[in-house]
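Asker: Quick one, fold the following:
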Amino acid sequence: MASKLFDRLRRTIFKEGAQSSETNGTDDFPESSELEDDTDCVSARLSGTLCFEGDGVLESEDTGDASGPDSDSDFFGESLDNACSSTDASPMGPSPKSSNMITRQLQENWRSSRTRSVPEKLIFEVTDASVVHETNSKYVLYTIHVIHSGMFDKTPAVITRRYTEFERLHSRLRRHHGDDMEGVYLPRKKLRKNFVAETIAKRSRAFEQYLSHLYSLPELRTTPTFLEFFYLGDLRAGQMLMRVGRYEESLGSFLNALRLQEKLGCHQLLHQNHFQRVHWFFTLSALVSCFQDLEQLSEAQEHCDRALQDLAPSQEAFQQHQLHPLLIPLLQSNVRLSWKISKDKRRWEALLQEIQDQGIDIGNQPNLKELLIKESIEDSEGAGRAKSKCEDTL
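Answerer: You can find the predicted model right below:
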């Protein structure tokens with residue numbers, strides 16, 4: 001749409017310039033190459049939210065032109081075209097008639113979009129790319145927001161990843177899901193100019209499209225390898241912080257891990273995927289423990305209740321004493337928390353009493369924090385598919 005508008009403006013200006021040159025004997029019309037350059041300028045001005053930090057980004061041979069167009073993602077193609085049509089960055093602003101037409105079209109599109117249901121999907125947007133200098137290495141760290149589309153997302157989740165982590169993900173997916181990875185490509189490494197702003201911007205857009213492509217394939221978006229790429233780092237970081245008593249910092253990691261698992265639909269895979277089940281209950285239990293230590297009792301009870309809704313055993317599992325190790329500590333925590341905040345605790349008290357009547361010593365169980373600190377958070381690639389400690393039966 002933007003290119004058509006520029007072509008129309010170019011032809012109109014050319015006619016006016018030709019008439020002016022015939023009457024005045026001079027040609028003041030700019031060369032077409034200048035218009036093309038200005039079109040590029042419009043694209044650059046309409047760039048996304050990506051920003052660059054770090055001295056390494058300034059290593060471009062021409063720092064004035066290093067940034068380049070900033071957003072060529074397929075998700076925003078149509079909106080960028082509309083934005084280009086109404087921008088005032090062109091050599092000559094659009095006529096009032098064309099501006100009114102564009103405004104009317106936008107209003108009609110907005111009204112129609114409100115009447116039809118917008119399918120919900122995930123958007124992966126690189127919002128920052130920072131050059132990190134370490135003792136013996138230098139790399140670019142990409143910050144990626146994971147956002148629900150089709151609605152206002154109040155709780156976007158964030159990950160930070162470097163190229164080698166994307167490369168590891170790609171390698172694992174190709175090794176275990178080679179047939180499904182046909183046509184999925186990762187941007188290649190470059191021998192030079194890896195820290196130039198233009199390279200970083202292009203690679204950022206490529207990472208967005210790469211993750212979007214993977215997520216669009218049902219066979220890949222539910223695999224443990226793909227899911228763990230997003231949240232497993234937060235779980236491990238949160239556990240390390242919890243071990244040294246830094247509960248407020250660990251709380252942030254666990255909350256981000258929970259948001260990521262929710263957006264990726266991990267809670268819908270509890271009965272299909274062993275590791276998703278382990279990681280989901282670990283996340284909820286860790287949040288209970290952190291909120292308790294920070295004296296945020298209502299939040300602790302809310303997450304405790306959420307975990308117990310899925311952990312409550314079936315009658316058959318109950319009779320065979322096949323109880324999840326986190327069940328009793330969570331029940332005990334929920335009863336205490338519910339009593340403190342004056343919430344109904346009779347359901348969980350009854351279940352706890354029923355477990356005790358089955359001959360299980362509920363008083364000789366490790367508490368919730370002890371279980372979480374000792375737990376080894378394995379991924380689907382490690383431990384030879386061995387069961388987690390939190391999946392052993394009592």
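Asker: And the lowest mean pLDDT element among the helices and strands of this structure?
Answerer: Least confident helix or strand, the chain: helix 32-45 with a mean of 32, by mean pLDDT, DSSP states H and E.
Asker: tell me the secondary structure for the residue nearest to Arg243 when sequence neighbours are not counted?
Answerer: Nearest residue to Arg243, sequence neighbours excluded (Cβ to Cβ, 6 or more residues apart in numbering): Ile373, at 5.4 Å. Using the backbone N, CA and C atoms, a C-beta is placed for each residue, glycine as well. At Ile373 the chain is in helix, as set by DSSP: H, G, I helix; E, B strand; the rest coil.
Asker: Spell out the secondary structure type for Glu167.
Answerer: Quick answer, by three-state DSSP: Glu167 is helix.
Asker: same check, this time on His145
Answerer: Classified using three-state DSSP, His145 is strand.
Asker: Equivalent analysis for Arg347, please.
Answerer: helix.
Asker: and it, how many residues sit next to it?
Answerer: 15 (other Cβ atoms under 10 Å).
Asker: how near is it to Ala312?
Answerer: As defined by Cβ to Cβ, to the nearest Å, Arg347 lies at a distance of 9 Å from Ala312.
Asker: how about the strands in this structure?
Answerer: 51-53, 122-133, 138-148, 157-162 (DSSP state E).
Asker: With mean pLDDT and distance to Asp357 added, can I get those strands in a markdown table?
Answerer: Formatted as a markdown table, those follow (pLDDT from 0 to 100; distance: least, Cβ to Cβ, whole Å):
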| stretch | mean pLDDT | distance to Asp357 |
| --- | --- | --- |
| strand 51-53 | 44 | 61 |
| strand 122-133 | 94 | 46 |
| strand 138-148 | 94 | 45 |
| strand 157-162 | 96 | 42 |
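Asker: Looking at those strands, spot the one closest to Leu217.
Answerer: Proximity to Leu217 (Cβ to Cβ) singles out strand 122-133 among the strands of the chain, at 12.8 Å.
Asker: re the thing from before, of all the strands of the chain, which one is nearest Met240?
Answerer: strand 157-162 (16.3 Å).
Asker: what's the closest of the strands of the chain to Ser204?
Answerer: With Cβ to Cβ as the yardstick, what comes closest out of the strands of the chain is strand 122-133 (3.9 Å).
Asker: before we move on, the earlier item: residues near the residue nearest to Arg243, how many?
Answerer: 14.
Asker: Am I right that it is in contact with Gln239?
Answerer: Yes. With contact defined as Cβ atoms under 8 Å, Ile373 counts as touching Gln239 (7.3 Å).
Asker: and Thr155, what pLDDT?
Answerer: At Thr155, the pLDDT value in this model is 85.
Asker: can you list the strands of the chain in TSV and add distance to Ser338?
Answerer: Listed next are the strands of the chain as TSV, based on distance: least, Cβ to Cβ, whole Å:
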stretch	distance to Ser338
strand 51-53	46
strand 122-133	35
strand 138-148	31
strand 157-162	29
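Asker: need these in TSV with mean neighbour count and distance to Lys343, can you?
Answerer: Below are these laid out as TSV (neighbours: other Cβ atoms under 10 Å; distance: least, Cβ to Cβ, whole Å):
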stretch	mean neighbour count	distance to Lys343
strand 51-53	16	45
strand 122-133	18	34
strand 138-148	18	30
strand 157-162	18	29
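Asker: right, so of these, which gets closest to Val184?
Answerer: Per Cβ to Cβ, nearest to Val184 of these: strand 122-133, 14.2 Å.
Asker: What strands line up against that closest one, and which way round?
Answerer: Applying DSSP bridges to the sheet, strand 122-133 is found paired with strand 51-53 (parallel), strand 138-148 (antiparallel).
Asker: ok, back up a step: of all the strands of the chain, which lies closest to Gly363?
Answerer: Closest among these, using Cβ to Cβ: strand 157-162, at 38.9 Å.
Asker: Indicate each strand paired with the closest one and its parallel or antiparallel sense.
Answerer: strand 138-148 (antiparallel).
Asker: List the contacts of the strand it pairs with.
Answerer: For strand 138-148, contacts defined as Cβ atoms under 8 Å, 6 or more residues apart in numbering pick out 56, 120-132, 153, 156-164, 194-195, 200, 203-204, 207-208, 211, 230, 259-260, 263-264.
Asker: Stretch 210-224 now?
Answerer: Residues contacting stretch 210-224 (Cβ under 8 Å, 6+ apart): 74-75, 121-124, 144, 166, 173, 176-177, 180-181, 184-187, 226-227, 264-265, 269, 272-273, 275-276, 379-380.
Asker: any idea of the mean pLDDT in that stretch?
Answerer: Stretch 210-224 comes out at a mean pLDDT of 95.
Asker: Helices of the stretch 101-250 of the chain, start to end?
Answerer: 163-176, 197-216, 218-221, 224-243, 247-264 (DSSP state H, counting those that start in this stretch).
Asker: Mean neighbour count added to those helices, as TSV?
Answerer: Listed next are the helices of the stretch 101-250 of the chain as TSV, based on neighbours: other Cβ atoms under 10 Å:
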stretch	mean neighbour count
helix 163-176	16
helix 197-216	20
helix 218-221	14
helix 224-243	21
helix 247-264	21
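Asker: Tell me who's in contact with the closest residue to Phe230 other than its chain neighbours.
Answerer: Nearest non-adjacent residue to Phe230, counting by Cβ to Cβ, 6+ apart: Leu260, 4.7 Å away. By Cβ under 8 Å, 6+ apart, the residues touching Leu260 are Val146, Ala157, Ile159, Phe230, Tyr231, Asp234.
Asker: repeat for Ser333
Answerer: Val288, Gln292, Ala300, Cys304, Leu368.
Asker: is it true that Phe281 touches Leu311?
Answerer: Yes. Contact criterion Cβ under 8 Å: Phe281 and Leu311 qualify, at 6.7 Å.
Asker: got any residues that touch both of the two?
Answerer: In contact with both Phe281 and Leu311: His324, Leu326, using Cβ under 8 Å, 6+ apart.
Asker: Which one's more surrounded, those two?
Answerer: Phe281 (22 against 18).
Asker: so who does that one touch?
Answerer: With Cβ under 8 Å, 6+ apart, Phe281 has these contacts: Ala307, Asp310, Leu311, His324, Leu326, Cys390.
Asker: Dump the strands paired with strand 122-133 into JSON lines; add distance to Pro218 as well.
Answerer: Below are the strands paired with strand 122-133 laid out as JSON lines (distance: least, Cβ to Cβ, whole Å):
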{"stretch": "strand 51-53", "distance to Pro218": "34"}
{"stretch": "strand 138-148", "distance to Pro218": "18"}
